[in-house]
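Engineer: Got a sequence here, can you build the structure:
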Amino acid sequence: MAKEFIIYADESEQRGAYFSHFYGGALVLSTDIENVVQILEQAKQKENLHKEIKWVKVTENYLAKYQNVIHVFFDLIREKKIRVRIMFSDNQNVPVGLTTEQKENGYFLLYYQFLKHAFGLRFANAGAIPIRCRLLLDELPDTQEKVENFKTFIANLSQKKEFRGKIYIDKQQIHQVHSHEHVIL
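Structural biologist: Next up is the predicted model:
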C-alpha cells in the first residue's frame, strides 16, 4: 500500500504586538489517522468538551480541561503520531521592495511557502513510489478564483524537481474544511 500523508493546516493573519502571519499544520500518516482522531475525541469527551478547542475560548473554569486535552495532543507528538509545524513572522522584519501583486497575494504566498517547506516533504521519501499528500485546509478567506489558483500551485509542487518522484499532490485532494469538524485542527 502506498504511503499517504494527511496535512491539516490553518492560519491567522492577525497582527500581534510582536508577531504576525501565523501558519500552523499537523501531519498524520493515513494509517494512524483513525487512531489519532479517536484518541483526541476521547480526550475531549473525558473533559466534557464538545466544541472546537480554541485557546481564545479558554476561561479560568475551562483551563485545566483544555490543558488535559493538549497534554494528550503532545503525547501523540512525542509518539510521532502527529508532526506539528508553526510559522510566523517577526514584526521587526518589515519586507521591502514588494510588488503590488506580492502585497495583494501575501497571504497565499506565505501559505505556499509554509506548505512547501514546513514538513520537509522533499526529504520525506527515499522510496520508489511517491508519497501521496492529502491537504485539509481551514477555510481560505478569499475569492474562489484565488483559492483555485492556490490549489493549483500547491498541486504543482509534485512537478518541481526537488519533489518529483517523492511526493504526489492531487489538486482534487486539497480541501477546504471547517476546523470545528476536525479535532486535529
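Engineer: list the buried ones in stretch 45-61?
Structural biologist: Across stretch 45-61, burial judged by 16 or more other CB atoms under 10 Å covers 47, 49, 53. All C-beta atoms are positioned from the backbone trio N, CA, C, and that covers glycine.
Engineer: Then stretch 136-150?
Structural biologist: Within stretch 136-150, the residues that qualify as buried by neighbour count (16+ other CB under 10 Å) are 136-138, 140, 147, 150.
Engineer: Quick check: closest non-adjacent residue to Leu110.
Structural biologist: Here the nearest residue to Leu110 in space, its sequence neighbours aside, is His21; by CB to CB, 6 or more residues apart in numbering that works out to 5.5 Å.
Engineer: Output the contacting helices and strands for the helix or strand hosting the one you found.
Structural biologist: Using DSSP states H and E, the secondary-structure element containing His21 is strand 19-29. Using 3 or more CB pairs under 8 Å, 6 or more residues apart in numbering; DSSP states H and E as the contact definition, the elements that strand 19-29 packs against are strand 4-12, strand 83-90, helix 106-117.
Engineer: Let me know which of the ones you listed is tucked in deepest.
Structural biologist: Of all the helices and strands packed on strand 19-29, strand 4-12 carries the top mean neighbour count, a mean of 19, counting by mean count of other CB atoms under 10 Å.
Engineer: Compute the inter-axis angle for that one and helix 106-117.
Structural biologist: 150 degrees (axes from the mean of the first three to the mean of the last three CA atoms, to 10 degrees).
Engineer: centre of the chain versus strand 4-12, how much separation?
Structural biologist: The gap between where strand 4-12 is centred and where its chain is centred comes out at 3 Å by CA atoms, centre = their mean, to the nearest Å.
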